[in-house]
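Enquirer: I would like to see how this sequence folds:
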Amino acid sequence: MWYRLFKYVLVGPLLRLLGRPEVEGLRHVPRTGPVIIAANHVAMLDSMYLALALPRRVTFLAKQEYFTGTGFKGRFQRWFFTVAGQVPVNRTGGTAAADALTAATKILESGDVWAIHPEGTRSPDGRIYRGRTGALRVAMATGAPVIPVVLSGTDKVNPRGHRLPRFGKVHISFGTPRYYPLTPTHPAPDTCRVRAATDELMRELAARSGRNYVDRYAATFSNRP
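Expert: Next up is the predicted model:
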């Protein structure tokens, strides 16, 4: 109930007013069954605009720290991320990656939509950076299709370093599904295949967005303003 209330009443209308989102290719997203949404990441509001554009409920994996705060602010933040469809995941320690993949797999096994920004963090300059391999590893293990999505304009509505949003024009483009079936030759997701498929996906996002591709992780530049 709260998810729909936020999407259609409390937050969604404001996002529409600010960004006037234009959506294309939504027909490529299956109406039922497990789906992985893999999008570039240029602003904090990217996940909200994706949820606004998709008619199906979408789930993201969020840092566990968002759910462990204390006091009124901590309780409100925990409640907000929960009703917004976020699932807490511990992203520190040696088992963090495995825990995240397990959580994503459960979402897909339930026939739901899992969305992820393979870059792992916001692009520091709008370019497309090297992707983490988790999305493709889960896709190969579950058979769920991957929908590449290009977001633009969200960084104008939600500029880095500014607390208050601004008016802009958001564009969201959904690409055709990508399938990565396992075969007798490749009965399990192997490191080389997963890495190559991830690189291909990120280069496709770069080509479709008209932005340059950088074969380095965005986190390398995360300390830049």
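Enquirer: what residue ranges in this structure score low on pLDDT?
Expert: For the chain, the stretches flagged by pLDDT under 70 are 63, 66, 83-85, 89-97, 222-225.
Enquirer: Let's see that with 80 instead.
Expert: Across the chain, the ranges flagged by pLDDT under 80 are 1-2, 62-70, 72-99, 183-188, 220-225.
Enquirer: Spatially central residue in it, please.
Expert: Compute the mean C-alpha point of the chain, and by Cα atoms, centre = their mean the closest residue is residue 116, 2.7 Å away.
Enquirer: What is the burial count for the residue nearest to that one when sequence neighbours are not counted?
Expert: Take residue 116 and drop its neighbours on the chain: the residue closest to it by Cβ to Cβ, 6 or more residues apart in numbering is residue 135, 5.0 Å away. Where you see a C-beta, it was placed from the backbone N, CA and C, and this is true even at glycine. If you count neighbours by other Cβ atoms under 10 Å, residue 135 ends up with 25.
Enquirer: Spit out the contact partners of residue 135.
Expert: 36, 38, 116, 118, 146, 198, 201 (Cβ atoms under 8 Å, 6 or more residues apart in numbering).
Enquirer: Thought residue 211 was touching residue 127, still the case?
Expert: Yes - contact criterion Cβ atoms under 8 Å: residue 127 and residue 211 qualify, at 5.2 Å.
Enquirer: now the strands: where do they sit in the chain?
Expert: Secondary structure of the chain (DSSP state E): strands located at 22-24, 35-39, 58-63, 86-89, 113-116, 128-129, 146-152, 171-174, 213-214.
Enquirer: Please work out which of those strands is packed deepest.
Expert: Among the strands of the chain, ranked by average contacts under mean count of other Cβ atoms under 10 Å, first place goes to strand 128-129 (a mean of 26).
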